[in-house]
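Enquirer: next comes the sequence, and after it the predicted model I'd like to discuss.
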Amino acid sequence: MKASDKIDDACARLLAWYDGHARTLPWRVPPGSGEVPDPYRVWLSEVMLQQTTVAAVKDYFAKFTAIWPTVHDLAAADDADVLSAWAGLGYYARARNLIACAREVAGRGGVFPDSEEGLRELPGVGAYTSAAIAAIAFGRRAVVVDANVERVIARLFTITDPLPGSKEVIRAAADSITPDERAGDFAQAMMDLGATICTSRDPKCLLCPLSDMCTARKAGIAAQLPHKTPKKARPLRTGTAFWIESDGHVLLVKRDGKGMLAGMRALPDDGWSAKTSGDGTPPLFADWTEVEGMVGHGFTHFLLELSVQRCELTGREAEGEWWPIDRIGEAGMPTLFAKAAKLVLGT
Ligand code: SF4
């Protein structure tokens, strides 16, 4: 049998497996259903899924599509409402790009570009996301390589060079088996295979539709791949957040429009950033006490240890938004500050 016939056979087996085992996901059209994917839902899910798991995204996706069922609705939304609904998903630059992208697409009559090149021109849509949307929403042949697919490909072809340096080699190998037909289903089948069968620690090769072409399985080293270059240790920064309470309300501020967590509602702090620790200076003169405990949080490039100081005022003259403490969960604060509020309230 020729090599190309073997690949065609493997693709056919993978697609047949997908027809019977596709994960049911709220943004997905089931294979063979005849339904047409909605590019808005595909785009929204792919942006949400960057750096995050399916389990973490499901509730956010349901919330966003209930409040803003179309790209026009999202484009017309207040920035603060979108950032607040996004709170907890992290990587807030993505939320700001989400708003910018929705407005760009709404300005084009609500029509998403249907090619990788066209999609790449949209705010926040990079190489991976444009390939995923082109394949899944528009059935274009595109090479879609997320972390799950990277693992499957590294094993199928025994690519032993460590990630991230091997990304281009993995992409080229993925390209070599991507079919012209059912490109969206193929991409989603590879993702599902990685998520459910070809898992990190314990690949279930006996159940795998690609087992007969998998060279790492034959060599007995599947579970060891892909190799990864150890990550550099992230620097540690320290900072202080301030819980200023008055008559059942806490003072919240809107963060500076340019720095970390820009535009988000938050507790006042001492100016910590990715580059420097905070200096501990409180925003006003008061009788401060230190809250017992510490909030730890990991950002992409650094770790933060946040201590919390609290005080109680008799009036509400201080500038900011006085938020009812019993509704603090609805303030839409980023996870870091939500953790600080929990530390104060002991919840
Ligand atoms: S045979 Fe095993 S290691 Fe190879 S792709 Fe399938 S599950 Fe992964």
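Expert: All right, it came through fine. Model, not experiment: these values are computed from the prediction.
Enquirer: which residues touch the helix or strand hosting R103?
Expert: Using DSSP states H and E, R103 falls within helix 92-107. The contact list for helix 92-107, computed with CB atoms under 8 Å, 6 or more residues apart in numbering, reads 43-44, 47, 50, 71-72, 74-77, 79, 82-83, 86, 89, 111-112, 122-125, 261-264, 334. The C-beta positions use only the backbone N, C-alpha and C, and glycine is treated the same way.
Enquirer: same question for stretch 301-315.
Expert: Contacts for stretch 301-315 (CB under 8 Å, 6+ apart): 234-246, 267, 269, 272, 274, 282, 286-291, 293-298, 336, 339-340, 343-344.
Enquirer: buried residues of that stretch, list them for me.
Expert: Residues 302, 304, 306-311, 313 are the ones in stretch 301-315 that count as buried (16 or more other CB atoms under 10 Å).
Enquirer: check stretch 329-345 too.
Expert: Of all the residues in stretch 329-345, those buried under the rule 16+ other CB under 10 Å are 331-334, 336-341, 343-344.
Enquirer: hmm, G259 and A266 touching each other?
Expert: No. Using CB atoms under 8 Å, A266 makes no contact with G259, being 11.0 Å away.
Enquirer: and those two? Which one has more around it.
Expert: Higher neighbour count among A266 and G259: A266, with 23 against 12, using other CB atoms under 10 Å.
Enquirer: let me know the pLDDT of that one.
Expert: Note on A266: pLDDT of 95.
Enquirer: distance-wise, check it relative to the ligand.
Expert: Look at A266 and the ligand: by CB to the nearest ligand atom, to the nearest Å, they are 43 Å apart.
Enquirer: pull the contacting residues for that residue.
Expert: 241, 252-255, 333-334, 337.
Enquirer: rewinding a little: list buried residues within the contacts of helix 92-107.
Expert: 43-44, 47, 50, 71-72, 74-75, 77, 82-83, 86, 89, 112, 122, 124-125, 261, 263-264, 334.
Enquirer: among the residues you listed, which are in helices?
Expert: Counting by DSSP state H, the buried ones among the contacts of helix 92-107 place 43-44, 47, 71-72, 74-75, 82-83, 86 in helices.
Enquirer: quick check: of those, which lies closest to A154?
Expert: A154 lies nearest to V47 out of those, by CB to CB, at 25.5 Å.
Enquirer: from the ligand, how far off is that closest one?
Expert: Going from V47 to the ligand by CB to the nearest ligand atom gives 28 Å.
Enquirer: show me what contacts that residue?
Expert: 94, 97-98, 101, 124-125, 129.
Enquirer: start to end distance for stretch 104-120?
Expert: By CA to CA, to the nearest Å, the extent of stretch 104-120 from end to end equals 13 Å.
Enquirer: what residues does the chain put near the ligand?
Expert: 152, 155-156, 197-198, 203, 205, 208, 210-211, 214, 216-217, 222 (CB under 6 Å from any ligand atom).
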